[in-house]
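Chemist: this one's sequence-less:
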């Protein structure tokens, strides 16, 4: 007896009637096979391959391990076994609370390794059917999308434990899973995943607001005390130990933490990777449009600035597909860089100068939803940092290049005056001591 529901859960009930004169012994058995590897295997984010949850333990066994180590078998009273891909899952769900052996194996093809057959199967315990008696066995086979709400519903209905673990939330699951549910919730409210991503960004920025606020205050403080720092470096530049001591005293006096600027970055990185994982595994976001030219937030921006978004009559190579959304993100990051105090070391200054361009080029090949998140997140950071600088009396020259140049020139002149004054004081002190010049 076969039946298929709307989410492609196949239910198979097999019944055996023994019309013979002696009892027979049978084993409930179900298998799934795959010939060769999936087309895009190894190019996605998250685990893709044979998997199973047996006896309260998840087993991810890559195709390569099955080829090298041979068949592997696990036994338990509950579980499932199957093949997982980026968005899809095919899995066997045998009758729960019955002893079952779950097996992973491969059948190599020496002539053509691409035709190697991979198999997962589930075999139940022996069933004895006496003469004149019947026995039935029901197995469920899922072949559908990895939607958490669907998997959770089957978990409750069929009693299979942790069916949701077929979705790989990664080692940051404690961040990834809540972010996933919030994204799905927001999309349910507004009906647009792009708007849902923006809403999620606001929630994330609100969560890190206190630490970011403290960090941006330190940034602004560093800008204010930069002339004093220049004077200390000019006075004690040859004595590294004394230089560090004086700088630490200055930081303590002015209540500035030079390392505080690292906190927003350190804090954002795990959240960024968790968001990336969500957008890589959320089948609900597949083919989800935003507005305008972005018709699929799970794929990279389809336009490129190098042919003016298609206005020029030539195709752009894939490595130059930097779309308008990425360009907006770059502009926002350049604004943010302008607000930060310039690093003292020349190498660090060079890295800070080119980092926005490197990030833009790297992210342009990722999902447009991820670029949208990063752009909005940085925009909120710029607003927050600008407000703090204004409150602390630190000048901001984002849209006034002449004023910015004049301020920079005056700062350079002031620093040069400080250095000259310190050198003059040193020279006078040495002359008093009779030291040859």
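Modeler: The structure has been received and is ready for your questions. Because the structure is a prediction, the values reported are computed rather than measured. Numbers count the residues shown, from 1 in each chain.
Chemist: Could you use CA atoms for every contact and neighbour count after this?
Modeler: Fine.
Chemist: Correct me if wrong, but residue 200 is in a helix.
Modeler: Yes - counting by DSSP: H, G, I helix; E, B strand; the rest coil, residue 200 is located in a helix.
Chemist: Per-residue pLDDT of it, please?
Modeler: On pLDDT, residue 200 comes in at 96.
Chemist: Disregarding residues adjacent in the polypeptide, which is nearest to it?
Modeler: residue 183 (6.4 Å; Cα to Cα, 6 or more residues apart in numbering).
Chemist: Can you give me the first-to-last residue distance of stretch 21-33?
Modeler: 36 Å (Cα to Cα, to the nearest Å).
Chemist: Look up how far residue 361 lies from residue 355.
Modeler: 10 Å.
Chemist: Of these two, which one has the most company?
Modeler: Applying other Cα atoms under 10 Å to residue 355 and residue 361 shows that residue 361 carries more neighbours, namely 19 against 15.
Chemist: what sits against the more buried one?
Modeler: Remark: with contacts taken as Cα atoms under 8 Å, 6 or more residues apart in numbering, residue 361 is in contact with residue 322.
Chemist: Following the chain onward from the helix or strand hosting it, which element is next?
Modeler: Under the criterion of DSSP states H and E, residue 361 resides in helix 346-363. For helix 346-363, the following helix or strand on the C-terminal side (DSSP H and E) is helix 368-391.
Chemist: Tell me how far that next one lies from the chain's centre.
Modeler: Relative to the mean C-alpha coordinate of its chain, helix 368-391 is positioned 18 Å out (Cα atoms, centre = their mean, to the nearest Å).
Chemist: Check which helices and strands it is in contact with.
Modeler: helix 193-207, helix 209-224, helix 262-281, helix 324-339 (3 or more Cα pairs under 8 Å, 6 or more residues apart in numbering; DSSP states H and E).
Chemist: And the helices in the stretch 51-200 of the chain?
Modeler: With DSSP state H, counting those that start in this stretch as the criterion, the stretch 51-200 of the chain has helices at 63-69, 148-158, 173-190, 193-207.
Chemist: How about the third one, which residues are buried there?
Modeler: Neighbour counts using 16 or more other Cα atoms under 10 Å place 175-177, 179-180, 182-184, 186-187 of helix 173-190 among the buried residues.
Chemist: so what's residue 129 bridging to?
Modeler: Beta-bridge pairing for residue 129 (DSSP bridges): residue 24.
Chemist: Report the contact partners of it.
Modeler: 17-18, 23-26, 135.
Chemist: ok, of those residues, which come out buried?
Modeler: residue 18.
Chemist: Do I have it right that residue 26 meets residue 128?
Modeler: Yes - using Cα atoms under 8 Å, residue 26 is in contact with residue 128, at 6.4 Å.
Chemist: Export the buried residues of helix 173-190 as CSV, with columns for distance to residue 97 and pLDDT.
Modeler: Below are the buried residues of helix 173-190 laid out as CSV (distance: Cα to Cα, whole Å; pLDDT from 0 to 100):
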residue, distance to residue 97, pLDDT
175, 32, 91
176, 31, 92
177, 28, 91
179, 33, 94
180, 31, 94
182, 34, 95
183, 35, 95
184, 33, 95
186, 37, 96
187, 37, 95
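Chemist: In those residues, find the pair that's most separated.
Modeler: 175 and 187 (18.4 Å; Cα to Cα).
Chemist: how far does stretch 160-167 sit from the chain's center?
Modeler: For stretch 160-167, the distance to the chain centre is 21 Å (Cα atoms, centre = their mean).
Chemist: what's in contact with that stretch?
Modeler: With Cα under 8 Å, 6+ apart, stretch 160-167 has contacts from 51-53, 56, 58, 78-80, 84, 89, 93, 96, 146, 148, 151-152, 154-155, 281.
Chemist: now the end-to-end length of it.
Modeler: 15 Å.
Chemist: tell me the mean pLDDT for it?
Modeler: Stretch 160-167 comes out at a mean pLDDT of 92.
Chemist: again, but for stretch 355-371
Modeler: What stretch 355-371 shows for mean pLDDT is 92.
Chemist: Same question for stretch 379-386.
Modeler: If you average the pLDDT values across stretch 379-386, you get 87.
Chemist: contacting residues around that stretch?
Modeler: Taking Cα under 8 Å, 6+ apart as the rule, stretch 379-386 contacts 205, 213, 216-217, 332-333, 335-336, 339, 396.
Chemist: One more: stretch 95-114?
Modeler: By Cα under 8 Å, 6+ apart, the list of residues contacting stretch 95-114 reads 35-37, 50, 54, 66-67, 70-81, 94, 115-125, 137-139, 158-160.
Chemist: Show me which of those residues are buried.
Modeler: Applying 16+ other Cα under 10 Å to the contacts of stretch 95-114 flags 36-37, 50, 54, 66, 74-81, 94, 116-124, 137, 139, 159-160 as buried.
Chemist: follow-up on the earlier one: buried ones in the helix holding residue 361?
Modeler: For helix 346-363, by 16+ other Cα under 10 Å, it's 352, 356-357, 360-361, 363.
Chemist: what do you get for stretch 231-238?
Modeler: Within stretch 231-238, the residues that count as buried by 16+ other Cα under 10 Å are 231-236.
Chemist: Sort out for me which of those are in helices.
Modeler: Members of the buried residues of stretch 231-238 lying in helices (criterion: DSSP state H): 231-236.
Chemist: As JSON lines, the residues you listed with distance to residue 255 and pLDDT would be great.
Modeler: Formatted as JSON lines, those follow (distance: Cα to Cα, whole Å; pLDDT from 0 to 100):
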{"residue": "231", "distance to residue 255": "18", "pLDDT": "73"}
{"residue": "232", "distance to residue 255": "17", "pLDDT": "76"}
{"residue": "233", "distance to residue 255": "19", "pLDDT": "75"}
{"residue": "234", "distance to residue 255": "22", "pLDDT": "72"}
{"residue": "235", "distance to residue 255": "22", "pLDDT": "74"}
{"residue": "236", "distance to residue 255": "21", "pLDDT": "73"}
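Chemist: Export these as JSON lines, with columns for distance to residue 197.
Modeler: As requested, these are exported to JSON lines (distance: Cα to Cα, whole Å):
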{"residue": "231", "distance to residue 197": "47"}
{"residue": "232", "distance to residue 197": "46"}
{"residue": "233", "distance to residue 197": "46"}
{"residue": "234", "distance to residue 197": "49"}
{"residue": "235", "distance to residue 197": "51"}
{"residue": "236", "distance to residue 197": "50"}
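Chemist: Done for today, thanks.
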